[in-house]
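J.: Would you be able to build a 3D model of this:
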Amino acid sequence: MYRMRYILLGGGAVRLAIGAGYLVVPSAMTGAQLAPNTDDSPDARLFVRGFGGHQVLTAAFTLAALRDRRLLAPALALNLLIDGFDVTSALLEARARARVDRTLAGGIALSGSAIAWALAVRALD
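T.: Reported below is the predicted structural model:
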């Protein structure tokens, strides 16, 4: 049970930090090469912020599951669904671009690792 809690805490904290970056300071994520430059593209910046928002919300729900075990299964399902759709959208974009750049590779790796930790938590349950 303690291993599961540590995995949830770590995964939720990472998701919260990254999501807050995308939501609040998307230009900082650009500097870290985790997002495209959206300074001159407010519509694209809105989508980056929206992505950050869903990361923050998922993190908050995941961290809430640490306090109420009944939330564990729905929190894990939400994590798996969001990350599954993030990987799917990145793969669709890679196909449209006919290449995988750093941003797409990073998104696939980040969401793929989140899927792995959610599955690990589920296996420990």
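J.: Longest helix in the chain, by number of residues?
T.: For the chain, the helix reaching the highest residue count under DSSP state H is reported as helix 72-97.
J.: which parts of that one are buried?
T.: By 16 or more other Cβ atoms under 10 Å, the buried positions in helix 72-97 come out as 72, 75, 76, 78, 79, 82, 83, 86, 87, 90, 94. (Glycine included, C-beta is placed from N, CA and C.)
J.: and if you look at stretch 14-31?
T.: By neighbour count on 16+ other Cβ under 10 Å, the buried set for stretch 14-31 is 14, 15, 16, 18, 19, 21, 22, 23, 26, 29, 30.
J.: export those to a markdown table and tack on distance to residue 41?
T.: Output for these, formatted as a markdown table (distance: Cβ to Cβ, whole Å):
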| residue | distance to residue 41 |
| --- | --- |
| 14 | 27 |
| 15 | 25 |
| 16 | 26 |
| 18 | 21 |
| 19 | 20 |
| 21 | 18 |
| 22 | 15 |
| 23 | 17 |
| 26 | 10 |
| 29 | 14 |
| 30 | 11 |
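J.: which of those residues lies closest to residue 44?
T.: The nearest member of these to residue 44, counting by Cβ to Cβ, is residue 26 at 9.1 Å.
J.: OK, contacts around the closest one?
T.: 35, 38, 45, 48, 49, 52 (Cβ atoms under 8 Å, 6 or more residues apart in numbering).
J.: Mind picking the two most distant members of those?
T.: Using Cβ to Cβ, the two most remote members of these are 38 and 52, lying 11.7 Å apart.
J.: So if I had to pick from these two, which one is more boxed in?
T.: Higher neighbour count among residue 38 and residue 52: residue 52, with 21 against 18, using other Cβ atoms under 10 Å.
J.: correct me, but the more buried one touches residue 25?
T.: No - applying Cβ atoms under 8 Å, one finds residue 52 not in contact with residue 25, separated by 9.2 Å.
J.: re the thing from before, just give me the least confident of the contacts of residue 26.
T.: Within the contacts of residue 26, pLDDT reaches its minimum at residue 35, with 82.
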